[in-house]
Structure formats: C-alpha cells, structure tokens
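Peer 1: Please find the sequence and the predicted model below.
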Amino acid sequence: MKEQDEPYKLFQSWFLEAKNSEEKEPTAMSLATVDDIGQPSVRMVLLKGVDLGGFVFYTNLGSPKVQDIEKNPRVALCLHWKSLDKQIRIAGQSVPVSPEEADAYFVSRPLQSQIGAWASRQSEAMPHRLELEKRVAQFGLKFLGKDVPRPAFWSGFRVVPKRIEFWHQKPYRLHDRFRFDLDDQGNWQKTWLYP
Ligand SMILES: Cc1cc2nc3c(=O)[nH]c(=O)nc-3n(C[C@H](O)[C@H](O)[C@H](O)COP(=O)(O)O)c2cc1C
C-alpha cells in the first residue's frame, strides 16, 4: 500500500520532516480532554513515542488532564508544524502505558527533569515559587548519588487512534485534507475532505 494510504507511515514521514525542519519542539502537540460536565480543556504536551499502538505522552498522574482521562478516556491531539504548513489531528482513547515502558522513558530523562517530576505537584496551587525551589533542593538531596526512581504519580498514556486527519496548506486556501477512520474490521478508511 502507498504511504499516502497508511496513516502511521504518513505520520512518521511528516514527523521526520518536522524534526528536520521545525526550529523548536517538533514533538509539541495539544491534548484535549473533557471533564465530567463536558467542559473541554486543552494544553500542550510532548509526543514521546509513536508506534502502531498509538501516540505516547507523559505527565503527572494527579494533574487535571489525568483526572479528566480517568473519567473519560476519549481525547484528541493536534500537531501543527509551521515550517511545513502541515497539521495532524488525532482522536482516540487514552490507555496507560505499562510501568516498564514508563520506567524506560523516565531513566532516559535528564537528572534535573527526574528531580523536577518529584518536586512538582502539577497544577496544584503553589504559595510561592520558593516552595518549588525548596522541593527541588529537598529531592535533589534525597537522591544525591543515587538513581532517581520514577515517582508512582508520574507516568504516560498512549492515545490509541480511531481517526487521524492530515492537512497540508496549499495556495488560496485550497488545502489538501484527508481523514482516516478505523472501521470495525480494523482497517483504515480514507476520505478526502473539502478544506
Ligand atoms: C511545549 C510544551 C510542552 C509541554 N509538555 C508537557 C508534557 O509532556 N507533559 C506535561 O504534563 N505537561 C507538559 N506541558 C505543560 C502542560 O501544557 C500543562 O501546563 C500541564 O501539563 C498542566 O496541565 P493540566 O492542568 O491540564 O493537567 C507542556 C507545555 C508546553 C508549552
């Protein structure tokens, strides 16, 4: 099958292009979740893995985004690469990554980011910036000279896609746009869309 007809292959090809051309953060993507009263929230996260299972990001498990996901695992992602004039939208279900997968990613992070994961109570009210710095120093001392273990409250999710849409800017707003939907047999069905 041609790359144009296989969403994962096409994703990888655009992603590689973006890594080579985007000035900063080609892995940045927006993640939309919905809370229990239907209020959507959107924020940026980093895409840390792509495979045939889906699209992986990591975060603090006590954060509002995870509270949303625990109640409603349906999420959406959007990547936009200015240098390429390309956008990819993904909709699917969030599934926690295994502890082993999260551990493997956590050990690959810089030491200061590992300490930062311990120190941050993500999205909780903070009385003063000094509190954060105090916690960073405390955890830095606690793990001095040791391997920093992954906090139990920090892990990742794989967004398993049901729909992936590709958008490529063209002159006069006559953009290329096509969507892949996963059918009941597990095959991707491609539909061209008006821009
Ligand atoms: C470019 C960029 C990348 C980010 N990557 C992550 C990330 O990978 N994981 C994360 O938890 N937060 C990341 N953040 C911070 C989130 O956008 C957000 O502020 C934080 O996760 C709290 O979100 P929540 O309160 O909705 O849970 C990133 C922010 C930016 C601007």
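Peer 2: That came in fine, so what should we check first?
Peer 1: for stretch 140-151, the distance to its chain's centre please.
Peer 2: Average the C-alpha atoms of stretch 140-151, do the same for its chain, and the two points are 26 Å apart (Cα atoms, centre = their mean, to the nearest Å).
Peer 1: let me redo that: stretch 117-136
Peer 2: In terms of Cα atoms, centre = their mean, the centre of stretch 117-136 is found 23 Å from the chain centre.
Peer 1: and what of stretch 104-116?
Peer 2: Here the centre of mass of C-alpha atoms in stretch 104-116, compared against the chain's by Cα atoms, centre = their mean, lies 17 Å away.
Peer 1: Check what pLDDT Met1 gets.
Peer 2: Note for Met1: predicted pLDDT of 69.
Peer 1: Within range of the ligand, give me the residues from the protein.
Peer 2: 25, 28, 41, 43-46, 57-60, 63-65, 122-123 (Cβ under 6 Å from any ligand atom). Heads up, the C-betas are built off the backbone N, CA and C, glycines and all.
Peer 1: Now which of those residues would you call buried?
Peer 2: For those, a burial check counting by 16 or more other Cβ atoms under 10 Å picks out Val45, Phe57, Tyr58, Thr59, Asn60, Ser63, Lys65.
Peer 1: hmm, back to that, narrow the residues of the chain next to the ligand to those in strands?
Peer 2: Filtering those for membership in strands, criterion DSSP state E, returns Ala28, Ser41, Arg43, Met44, Val45, Leu46, Phe57, Tyr58, Thr59, Asn60.
Peer 1: Tell me what the closest residue to the first one other than its chain neighbours is bridged to.
Peer 2: Leaving aside its chain neighbours, Ala28 sits nearest to Met44 (5.4 Å; criterion: Cβ to Cβ, 6 or more residues apart in numbering). Using DSSP bridges, the beta-bridge partners of Met44 come out as Ser30.
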